[in-house]
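Colleague: Curious how this folds, go ahead:
(one chain, ligands or ions: 2)
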Amino acid sequence: MKLGVLFPDAPEPLAGIDLTGLSADSRQITPGMAFVALSGTVLDGKTFIAAAFAAGAIAVIGEGDRPQDLPETVAYLGVGNIRLALAKAAARAAPASPKHIVAVTGTSGKSSVAEFTRQIFAACGHDAASLGTLGVIRAGHSSYGTLTTPDPVSLHRSLDALAHDGVTHLAMEASSHGLDQYRLDGVTLAAGAFTNLGHDHLDYHHDSEQYFLAKLRLFTEVLPEGADAVVHTGSAYSARVIDAARQQGLKVTTVGGPADDLALHSRAIVGFEQVLSVSWRGQDYTVRLPLAGAFQADNALVAAGLALVSGDEPDRVMAALPHLSGVSGRLERVASPPGSLIVIDYAHKPDGLKAVLETLRPACTGRLICLFGCGGDRDRSKRPEMGGIASRLADLVIVTDDNPRSEDPAAIRAAILAAAPKALEIADRQRAIDHAVGLLQAGDVLVVAGKGHETGQIVGAQVRPFSDHEAVAGAVARLRLEGRS
Ligand SMILES: Nc1ncnc2c1ncn2[C@@H]1O[C@H](COP(=O)(O)OP(=O)(O)O)[C@@H](O)[C@H]1O
Ligand SMILES: [Mg+2]
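Modeller: Ligands and ions are numbered 1, 2, ... in the order given. Take a look at the predicted model:
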């Protein structure tokens, strides 16, 4: 394909160069490709130009003027916003995509809403998929990716492949990093949703205002005029999202409050499940949701809102809710010793941990036991904050290792323990889980928080195989062997 097709502003003779593809990763360059030199936050793409050329790149796209050290024989196109240009070019290079795509942003609930929306779309008869932290999910298929919002070239390759496989409806996660880095700007979206905003990723975004503005980009810049915006009204930022969306000419549908378009009137907890009384356009519905937690009701309603604005039949949308299954590792109930309850949850942020503990308290007649740690090389301020939340809301806290990455795990634990002085410290995560499971008596609830669906523990630069699911199953099996349960 011609360079001028991917980058329509390219002048001749650059526009006439024949390309075999493009990539922003010098390791993925093969002969005839264009190398897109992103100025990353950590590594400057321009330092990889030499590697890209060694691998056969025939042109470089960069931001601004031609780098002075670039050999004269190398074709160079300078653009104003390299990430935006890459997103648009990636879309032109792999033009097919599911015809109806919706995206969800917010601090928490993105994976759950994307997955619930996929399940509702499927129940309404569409060939549907979801894309996010858990990879691409489609009934009967699943593949795992690593980033919540993949780089534009891989994203558009996935969209193209899904379209060719017959997928018409896609629900995707839009992370604040992904939005900030223009990864979604080449995707044509029909609707966007906002779940909530809390303390998260403050190490990457300078403050919550900037973090909020990154999420707001979905509504102010990515969604085309006339598209739908589904906004949960439970967050302090919801009103600003609604205003921004209206100003942008989006059709706003509010969700979650008693006076909202998709209204929630009451919620009754029935064991681990709940019954919702909701209304939509003058019609009342009583819906059983097979999931615990007010936040799962919020997520399910945001997903229902996305399906409703997509034109799906309200009766079919509501009928899909009692069959929703949660995302792996999101308040997921797993096998436990008799009479007790063990829940695996991905909560690795203060808000998430608080929501999980508050959700599980009513399901608990004995002790609420909270086992968690904090990741290394991530926002440090959340460590004492999470220690405080756990000691306040749980009866027993066990502090263990999460993904220490390049940090000293003992120092991470110490930062948590400073705010949780009564907590038990057990560094090794398997041993901590064994100990916690061994403590369980009838009526107790154990929440193993922080890793959810993950299957590895990152220590230094190494990823060791580790799964909370397997660790808990092993601990429960050993107890049974010892005849203690
Ligand atoms: N609507 C919500 N409000 C508050 N906390 C939530 C909400 N949805 C999910 N959570 C918490 O965040 C965790 C991650 O949920 P997930 O759906 O994977 O969100 P994300 O993809 O945005 O990280 C859950 O396990 C739960 O603890
Ligand atoms: Mg996610």
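Colleague: Let me see the contact set for residue 390.
Modeller: Counting by CB atoms under 8 Å, 6 or more residues apart in numbering, residue 390 touches 353, 357, 370, 372, 397, 420, 423. Any C-beta I mention is one placed from the backbone N, CA and C, and that applies to glycine too.
Colleague: at 7 Å what do you get?
Modeller: 353, 370, 372, 397, 420 (CB atoms under 7 Å, 6 or more residues apart in numbering).
Colleague: could I get those as CSV with neighbour count, secondary structure and distance to ligand 2?
Modeller: Converted to CSV, the contacts of residue 390 look like this (neighbours: other CB atoms under 10 Å; DSSP: H, G, I helix; E, B strand; the rest coil; distance: CB to the ion, whole Å):
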residue, neighbour count, secondary structure, distance to ligand 2
353, 25, helix, 16
370, 30, strand, 21
372, 30, strand, 18
397, 25, strand, 25
420, 25, coil, 26
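Colleague: Can you show me the helices along the stretch 351-485 of the chain?
Modeller: 382-393, 409-417, 429-439, 468-481 (DSSP state H, counting those that start in this stretch).
Colleague: how big is the angle separating the second one from helix 382-393?
Modeller: This points to helix 409-417. Counting by axes from the mean of the first three to the mean of the last three CA atoms, to 10 degrees, helix 409-417 lies at 50 degrees to helix 382-393.
Colleague: hang on, the earlier thing: return the most buried member of the helices of the stretch 351-485 of the chain.
Modeller: Burial of these is given as mean neighbour count (mean count of other CB atoms under 10 Å); helix 382-393 ranks first at a mean of 22.
Colleague: Not counting residues beside it along the chain, what's closest to residue 18?
Modeller: residue 2 (6.3 Å; CB to CB, 6 or more residues apart in numbering).
Colleague: who's in contact with the one you found?
Modeller: With CB under 7 Å, 6+ apart, residue 2 has these contacts: 15, 16, 17, 18.
Colleague: And residue 262, how far from residue 31?
Modeller: Distance check for residue 262 against residue 31: by CB to CB, to the nearest Å, it reads 53 Å.
Colleague: Who has more neighbours out of these two?
Modeller: The residue with more neighbours, out of residue 262 and residue 31, is residue 262; 24 against 9, by other CB atoms under 10 Å.
Colleague: Distance of the more buried one relative to ligand 2?
Modeller: 22 Å (CB to the ion, to the nearest Å).
Colleague: Do I have it right that that residue meets residue 304?
Modeller: Yes - the pair residue 262 / residue 304 is scored as a contact, 6.4 Å apart, by CB atoms under 7 Å.
Colleague: And the residue of the stretch 351-485 of the chain closest to ligand 2?
Modeller: residue 452 (9.3 Å; CB to the ion).
Colleague: ok so, going back, filter the contacts of residue 2 down to the buried ones and hand me the ChimeraX line.
Modeller: Selection of buried members from those for ChimeraX, criterion 16 or more other CB atoms under 10 Å:
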select :15,17
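Colleague: Can you add pLDDT and secondary structure and give the contacts of residue 2 back as CSV?
Modeller: Below are the contacts of residue 2 laid out as CSV (pLDDT from 0 to 100; DSSP: H, G, I helix; E, B strand; the rest coil):
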residue, pLDDT, secondary structure
15, 96, helix
16, 97, helix
17, 97, coil
18, 96, strand
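Colleague: Go through the contacts of residue 2 and say which is closest to residue 69.
Modeller: Nearest to residue 69 among the contacts of residue 2, counting by CB to CB, is residue 17 at 21.2 Å.
Colleague: on that earlier part again, hey, what's in contact with both of residue 262 and residue 304?
Modeller: By CB under 7 Å, 6+ apart, no residue touches both residue 262 and residue 304.
Colleague: In contact with residue 449: list those residues for me.
Modeller: Contacts of residue 449 by CB under 7 Å, 6+ apart are 345, 347, 353, 356, 370, 371, 372.
Colleague: and if we set it to 10 Å?
Modeller: When the contact criterion is CB atoms under 10 Å, 6 or more residues apart in numbering, the partners of residue 449 are 329, 331, 343-348, 352-353, 356-357, 370-373, 386, 390, 394, 402, 468.
Colleague: who's it bridged to?
Modeller: Judged by DSSP bridges, the bridge partners of residue 449 are residue 345.
Colleague: now the one 10 residues further on
Modeller: Beta-bridge partners of residue 459, counted by DSSP bridges, are residue 405, residue 462.
Colleague: Verify the stated contact: it with residue 404.
Modeller: Yes - Residue 459 is within contact range of residue 404, at 5.6 Å (criterion: CB atoms under 10 Å).
Colleague: tell me, what's touching these two both at once?
Modeller: Here residue 459 and residue 404 share the contacting residues residue 376, scored by CB under 10 Å, 6+ apart.
Colleague: So between those two, which is more surrounded?
Modeller: A count of neighbours by other CB under 10 Å puts residue 404 above the other of residue 459 and residue 404, at 22 against 17.
Colleague: What parts of the stretch 251-400 of the chain come near ligand 1?
Modeller: 295, 298-299, 327, 330-331, 345-347, 351-352, 355-356 (CB under 6 Å from any ligand atom).
Colleague: most surrounded residue in those?
Modeller: residue 299 (33 neighbours).
Colleague: so which helix or strand takes in that one?
Modeller: Using DSSP states H and E, residue 299 sits in helix 294-309.
Colleague: model confidence over that helix, on average?
Modeller: Helix 294-309 shows an average pLDDT of 96 in the prediction.
Colleague: Which element is encountered next along the chain beyond that helix?
Modeller: From helix 294-309, the next helix or strand downstream (DSSP H and E) is helix 314-320.
Colleague: who does that following helix touch, helix- and strand-wise?
Modeller: If you count contacts as 3 or more CB pairs under 10 Å, 6 or more residues apart in numbering; DSSP states H and E, helix 314-320 packs onto helix 110-123, strand 273-280, strand 283-289, helix 294-309.
Colleague: ok, for the residue of the stretch 151-300 of the chain at minimum distance from ligand 1, nearest residue in space, not its chain neighbours?
Modeller: The nearest approach of the stretch 151-300 of the chain to ligand 1 comes at residue 295, 3.4 Å away (CB to the nearest ligand atom). Excluding the flanking residues, the one nearest residue 295 by CB to CB, 6+ apart is residue 355, at 5.1 Å.
Colleague: Can you confirm whether the helix holding residue 299 lies near ligand 2?
Modeller: No - counting by CB under 5 Å from the ion, ligand 2 has no neighbours in helix 294-309; the shortest distance is 11.4 Å.
Colleague: Please identify the buried residues of that helix?
Modeller: Buried residues in helix 294-309 (16+ other CB under 10 Å): 294-309.
Colleague: Would you mind naming what in this structure lies close to ligand 2?
Modeller: 110, 111, 133.
Colleague: who wins for neighbours among the residues you listed?
Modeller: residue 110 (27 neighbours).
Colleague: Tell me how far residue 440 lies from residue 423.
Modeller: 17 Å.
Colleague: Over to residue 305?
Modeller: From residue 305 to residue 423 the distance is 39 Å (CB to CB).
Colleague: residues touching residue 167, list them.
Modeller: 97-101, 118, 121, 126-129, 136, 138, 141, 159, 161.
Colleague: rerun that using 7 Å as the cut-off
Modeller: 98, 127, 128, 129, 138.
Colleague: For it, grab phi and psi.
Modeller: Main-chain torsions, residue 167, degrees, to the nearest 10: phi -70, psi 130.
Colleague: per-residue confidence at it?
Modeller: 96.
Colleague: repeat for the one 4 residues further on
Modeller: According to the per-residue confidence, residue 171 scores 98 in pLDDT.
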